[in-house]
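Q: The following comprises the amino acid sequence and a computationally predicted model.
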Amino acid sequence: MASYDGLLARLAEVAPQPGWSVHQMRAAHEAAAAKAPLPPVTFEATLVEPTAGGSLQAEWVIPPGLTTSPARPRVGLYLHGGGYVEGSPAAGRPLACNLALAIGAPLLSLDYRLAPEHPFPAAVHDARDAMGWLTSRGHDPGSVLLFGDSAGGGLVIASLLALRDGHGPLPAGGVCISPWMDLSLPAGSIDLPDRNDPMVSRWMLTEMADHYLAGADPRAPLASPVYADLRGLPPVLVHVGEAERLLDDSTRWTERARAAGVDATLQVWPEMFHVWHAFAPRLPQAAAALADLAAWADRIF
């Protein structure tokens with residue numbers, strides 16, 4: 001098993017550095033993910049269409065013995081992290097594989113458009129349309145769960161808001177892992193000196209938010225769901241590490257969601273860093289978090 005300290009040291013080695021261009025950040029993100037060992041699953045390319053900006057690429061992550069048939073009792077839609085400026089289905093495969101295996105269902109991993117080429121709200125529109133693509137091909141909305149990590153976690157909630165407000169049927173629920181929910185970046189856990197969170201820093205979040213927002217209000221509900229009217233959303237599970245700089249995003253959003261009547265479950269995992277789930281089965285805490293996530297999914301389905 002990988003050690004906790006060893007994983008933190010590895011993450012620090014590949015973390016973005018001040019002054020890096022978007023191209024450098026993307027290249028480092030993809031290169032680091034390519035070194036991760038993957039469990040035995042099948043990857044199948046597919047095409048999501050149409051969207052306002054054209055067609056989107058995505059891939060199915062399929063556990064052994066399963067298919068993507070609409071007759072399947074459950075399916076996942078995965079929205080990768082990367083601060084809205086980096087990431088891809090390929091880079092997201094370590095976590096996507098773990099999620100698909102944990103819930104025992106195929107997962108559609110979406111290659112949504114990235115900033116600065118495609119600023120807010122392009123990613124929201126793409127995720128919303130991917131949900132529509134699944135239902136148009138026979139998947140019952142009640143058999144679909146949305147999953148996302150980091151920016152993808154915030155995008156899960158933004159997608160649910162867009163669907164609730166008349167753009168399509170709502171899925172069974174959403175799972176947010178270490179979500180980024182507030183692009184206005186208020187003071188709080190982001191700035192605490194005791195965070196063991198090498199992949200996240202204020203300077204990096206500020207740069208990514210600037211690229212994605214492109215002048216839009218950082219408190220716009222679909223950019224920062226912590227400020228949204230959350231009434232009418234389906235159940236949501238939030239996993240966050242106690243050592244994360246984005247801890248406050250999860251606690252504040254969950255408090256507001258519960259006040260709005262949402263079935264919101266928050267789990268704060270002791271000592272854990274940003275998106276630790278991607279390191280199962282090498283990290284015992286990651287395997288435990290995935291088991292907890294799977295039990296929650298069973299209840300929702």
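A: Happy to help now that I have it. Numbers count the residues shown, from 1 in each chain.
Q: and Gly148, what element?
A: strand 144-149 (DSSP states H and E).
Q: again with Trp20
A: Trp20 is part of no helix or strand, with elements assigned from DSSP H and E.
Q: To what extent is it buried, counted in neighbours?
A: Other residues near Trp20 number 14, with proximity taken as other CB atoms under 10 Å. All C-beta atoms are positioned from the backbone trio N, CA, C, and that covers glycine.
Q: pLDDT value on it, please?
A: At Trp20, the predicted lDDT confidence score is 87.
Q: Next, find the distance separating it from Leu114.
A: Computed as CB to CB, to the nearest Å, the Trp20 to Leu114 distance reads 15 Å.
Q: got the contact list for Pro186?
A: Taking CB atoms under 8 Å, 6 or more residues apart in numbering, we find Pro186 in contact with Asp248.
Q: what about it, distance to Phe279?
A: Distance from Pro186 to Phe279, by CB to CB: 29 Å.
Q: before we move on, the earlier item: tell me the helix or strand right after the strand holding Gly148.
A: Sequence-wise, the next helix or strand downstream of strand 144-149 (DSSP H and E) is helix 151-162.
Q: just to revisit the earlier point, report the rounded mean pLDDT for the strand holding Gly148.
A: Average pLDDT, strand 144-149: 98.
Q: So what touches it?
A: In contact with strand 144-149 (CB under 8 Å, 6+ apart) are residues 74-81, 92, 95, 99, 103, 107, 127, 131, 134-135, 154-156, 159-160, 171-179, 275, 277-278, 297, 300-301.
Q: How far does that strand sit from its chain's centre?
A: Remark: strand 144-149 is offset 7 Å from the chain centroid, using CA atoms, centre = their mean, to the nearest Å.
Q: Repeat that for stretch 25-40.
A: 16 Å.
Q: So what touches it?
A: For stretch 25-40, contacts defined as CB under 8 Å, 6+ apart pick out 14, 16, 20, 64, 82, 85-88, 90-94, 97-98, 101, 278.
Q: and the end-to-end length of stretch 62-76?
A: In terms of CA to CA, to the nearest Å, the two terminal residues of stretch 62-76 are separated by 10 Å.
Q: Pull out the buried residues from that stretch.
A: Neighbour counts using 16 or more other CB atoms under 10 Å place 62-63, 66, 68, 72, 74-76 of stretch 62-76 among the buried residues.
Q: Report the mean per-residue pLDDT for that stretch.
A: Average pLDDT, stretch 62-76: 87.
Q: for this structure, what spans make up the helices?
A: Ranges of helices within the chain are 4-14, 22-34, 93-103, 122-136, 151-162, 202-213, 247-259, 284-300, based on DSSP state H.
Q: Out of those, flag the one nearest Pro221.
A: Closest of the helices of the chain to Pro221 is helix 151-162, at 6.3 Å (criterion: CB to CB).
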